[in-house]
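S.K.: Got a predicted model here, sequence first, then my questions.
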Amino acid sequence: MTKARRQQNTAGQEAAALRQPGSASRLQGEQRQARAYIGIGSNIQPQEHIRQCLALLAKLPHSQPSGESPWYLTRPWGIEQQPNFINLVVGLNTGLSAPALLCATQAIEQRLQRVRDIKNGPRTIDLDILLFDDAVIETPNLIIPHPALLQRDFMLLPLLDIAPKQLHPLEGRRLCDLSDRIQYHQIIEQLPQP
């Protein structure tokens, strides 16, 4: 058998194995768990879409939700003539890489019929990776920490509810010591527990 044929065979066997439940960890060894924080927002049937989103996040492979902030009613940012939003932050322990998590969150947005025709316009769901462990990532598709994290209260304050002592990887300071950086105050009120 030629070397190219052996490589093809091995690749095919690995692909087939990956389709079997639990096989990814056997091929890759135990995956390192990262702690990600994801901002969630919606202003189109927000309670329904957020509940669906949380259920889908809980089903991500190699991932386990690890905290949920209170839900906040917030004024829209960018385009004011639209319904108010509900925003929150969830923690997620995940074996996914940051780019794989981005793909997974975008797939959830698609599944919940997010439309991107108007920047900052109404949306069924919006998912933003705010932090991914202490990673600093800057690619054309993904910037972590989220560049607006310290500017927008509807991102930072829900994150403070579940991770006040988390360090900001660029600032080297705890998030609870950085709330004076907020420039945009959109939160109207904390909502009763859904």
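M.R.: That came in fine, so what should we check first? Please read these numbers as outputs of a predicted model, since none were measured by experiment.

S.K.: The helix or strand containing Asn93 packs against which elements?
M.R.: Using DSSP states H and E, the element containing Asn93 is strand 85-94. Judged by 3 or more CB pairs under 8 Å, 6 or more residues apart in numbering; DSSP states H and E, strand 85-94 is in contact with strand 34-42, helix 46-58, strand 63-68, strand 72-74, helix 153-162. Placement of C-beta: from N, CA and C, glycine included.

S.K.: any idea of the mean pLDDT in that strand?
M.R.: Taken as a whole, strand 85-94 carries a mean pLDDT of 98.

S.K.: Give me the angle between it and helix 153-162.
M.R.: Angle, strand 85-94 to helix 153-162, by axes from the mean of the first three to the mean of the last three CA atoms, to 10 degrees: 50 degrees.

S.K.: quick one: strands adjacent to strand 85-94?
M.R.: Strand pairing for strand 85-94, determined by DSSP bridges: strand 34-42 (antiparallel), strand 63-68 (antiparallel), strand 72-74 (antiparallel).

S.K.: Which among the helices and strands packed on strand 85-94 is found nearest to Phe132?
M.R.: Closest to Phe132 of those, according to CB to CB: strand 34-42, at 4.9 Å.

S.K.: tally of neighbours for Leu101?
M.R.: Using other CB atoms under 10 Å, Leu101 has 24 neighbouring residues.

S.K.: no no, Leu191
M.R.: Neighbours of Leu191 using other CB under 10 Å come to 15.

S.K.: Can you check the pLDDT for the nearest residue to it once chain neighbours are set aside?
M.R.: Once flanking residues are discounted, Leu191 sits nearest to Trp71: 4.5 Å by CB to CB, 6 or more residues apart in numbering. Note for Trp71: predicted pLDDT of 98.

S.K.: ditto for the one 3 residues further on
M.R.: Confidence at Thr74, expressed as pLDDT, is 97.

S.K.: who are the neighbours in contact with it?
M.R.: 41, 84-87, 154, 186-188 (CB atoms under 8 Å, 6 or more residues apart in numbering).

S.K.: any idea how far Leu112 is from it?
M.R.: Remark: distance between Thr74 and Leu112 (CB to CB, to the nearest Å) = 19 Å.
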